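>>> Task: produce atomic coordinates for the following.
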Amino acid sequence: MPIDLRKHDPDDPITIRPETNKAKIIKLLYLNTNLGFTPAEIQDELDLPRGTVSGTLSRLHGEGLIGKTSDGLYHGLDHREDLRRFAQSLVSLDTMLSRYPEAGIDPDDVEQTGASAKTEIPTDRLQERDTPREEPTPEEWVAAENDEA
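Here you go, the predicted structure:
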């Protein structure tokens, strides 16, 4: 998936790929930062092995990506708006993939393009442009909507 270099920050601290155990835990904890979960609750909720959950929670906490209360409850951090947006994007991705399973794309393809992608994206679903250009103007959006109707 191409990245808009005007908005790209190479120092972005979020380097978590969708469909990893880290992403699953981040999504669970950041959908509501007011909730705290025990490792057993996270294990049950996500259907992950116990060792995987405890190891991943330790790494996420050590990296400062999640919080842990003194009595062992893990939670999302209120000040990490970037991780909250990341979790919301994972929910959106899950929704899109469940609505359009025939697109031939799975979560592993999200950050992979071209020859390195595990699943080739059907070319009839891609819009090819001769030259890259800026975002469409509002007039172009209206014209495109009228063409589709």
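>>> what helix or strand does Glu41 sit in?
helix 39-46 (DSSP states H and E).
>>> buried set for that helix?
Judged by neighbour count using 16 or more other Cβ atoms under 10 Å, the buried positions of helix 39-46 are 39, 42-43, 46. C-beta coordinates here come from the backbone N, C-alpha and C atoms, glycine included.
>>> Could you dump those residues into JSON lines and include distance to Ser54 and pLDDT?
Compiled in JSON lines, the buried residues of helix 39-46 are given as follows (distance: Cβ to Cβ, whole Å; pLDDT from 0 to 100):
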{"residue": "Pro39", "distance to Ser54": "5", "pLDDT": "94"}
{"residue": "Ile42", "distance to Ser54": "9", "pLDDT": "94"}
{"residue": "Gln43", "distance to Ser54": "9", "pLDDT": "93"}
{"residue": "Leu46", "distance to Ser54": "13", "pLDDT": "91"}
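>>> Out of the residues you listed, which comes closest to Leu57?
Leu57 has its nearest neighbour among those in Pro39, at 6.0 Å by Cβ to Cβ.
>>> neighbours around Ile26, how many?
24 (other Cβ atoms under 10 Å).
>>> That one belongs to a strand?
No: with DSSP: H, G, I helix; E, B strand; the rest coil as the criterion, Ile26 is helix rather than part of a strand.
>>> Verify the contact between it and Gln88 for me.
No: Ile26 is beyond contact range of Gln88, at 10.9 Å (criterion: Cβ atoms under 8 Å).
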